[in-house]
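>>> Have a look at this prediction, sequence included:
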Amino acid sequence: MARQKPDVVSLQELNGYTARRLTEDAASWGHAHSVLLKEDGFPVGLTSRWPIEEVARLRDGFHHGLLRGRVQGVHVYAVHFHPSNWEHRIREAALLANDMATITPNNRRFILAGDFNGFSPADRSHYEKSPTLEPFFEMLDRRDPRAKNLNAGRLDYGGLQAILDLGFFDALASLRPPDTPFVGTFPSALVHNENHGPDRRLDYIFLSPNLAHGVKSCRILRDDETARFSDHFPVVADLELPPP
């Protein structure tokens, strides 16, 4: 993180973290500002080199919760949607939209970053070629009667489509040439001793339309080093903020 020198970081699954621990970690990569959603379950967090203002911690209706903070005039959301229920992810997307609607019209610049645990229509052609993805989720649904990974036996794209329907740009997909080989963000080699299914993209950076033209690059940091840190690979975007 210190080598990458990020401006803002969205973190998920900060299990065992306290606000103090996040503050200490953030300082190690040059961030004097941090916010933690909660100290139980699977918290999300934000860290920044600039102050994080207008913080909102949203838990009602969310499986893990949602965290919002305003940084340099941009509302940044740390997102972690439901891991195994497509219906719940659609409801969470609606709750996210409801919160964005509370922001005054002259202040509506948004970045949504984190683990959406869902499938993007931009990746549909890749997933439709996979002979193992839907059988893997069918197995998970049989194993856990509470799970709804598949919708009538098929992958569901509704949670991500709801974000796209709001006009948001998928930073990675918007810059990806059509013939580029698919690269997923999960699973990494950290969980090679368990069956976590085939490669897929679950982690995204979404930008409101008024920020989309400022995207210079977006990439998945997928290498031997990042494979040791988490079961998900990190995603990074370089963004030039347009004037407010």
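Right, received. Where do you want to start?
>>> neighbouring contacts of stretch 31-49?
Contacting residues not belonging to stretch 31-49 are listed as 6-15, 17-19, 22-23, 25-26, 29-30, 50-52, 55, 57, 59, 64-67, 69, 71, 76, 78-80, 114 [CB atoms under 8 Å, 6 or more residues apart in numbering]. (C-beta placed from N, C-alpha, C; glycine too.)
>>> can we see that at 7 Å?
Defining contact as CB atoms under 7 Å, 6 or more residues apart in numbering, one finds that stretch 31-49 is touched by 7-15, 17-19, 22-23, 26, 30, 50-52, 55, 57, 64-65, 67, 69, 71, 76, 78, 80, 114.
>>> what do you get for stretch 189-197?
Outside stretch 189-197, the residues within contact range by CB under 7 Å, 6+ apart are Leu133, Phe136, Pro187, Ala227, Arg228, Ser230, Asp231.
>>> Got a quick PyMOL command for the buried subset of those?
Those of those that count as buried under 16 or more other CB atoms under 10 Å are selected in PyMOL with:
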select buried, resi 133+136+187+227+230+231
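>>> Farthest pair within the contacts of stretch 189-197?
Using CB to CB, the contacts of stretch 189-197 reach their maximum pairwise distance at Leu133 and Arg228, which is 25.1 Å.
>>> Make CSV from the contacts of stretch 189-197 and add secondary structure and distance to Asn98 to it.
Shown next, in CSV, are those (DSSP: H, G, I helix; E, B strand; the rest coil; distance: CB to CB, whole Å):
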residue, secondary structure, distance to Asn98
Leu133, helix, 31
Phe136, helix, 33
Pro187, coil, 32
Ala227, helix, 37
Arg228, helix, 38
Ser230, coil, 30
Asp231, coil, 30
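>>> Check the contacts of stretch 31-49 for burial and list the buried ones.
8-14, 17, 22-23, 26, 52, 64-65, 67, 69, 71, 76, 78, 80, 114.
>>> Quick check: of the contacts of stretch 189-197, which lies closest to Asp165?
Distance to Asp165, by CB to CB, is smallest for Leu133 among the contacts of stretch 189-197, at 23.8 Å.
>>> That closest one against Pro198, yeah?
Yes - between Leu133 and Pro198 there is a contact under CB atoms under 7 Å: 5.3 Å.
>>> mind checking the SS state of Ile111?
Classification of Ile111 by DSSP: H, G, I helix; E, B strand; the rest coil places it in strand.
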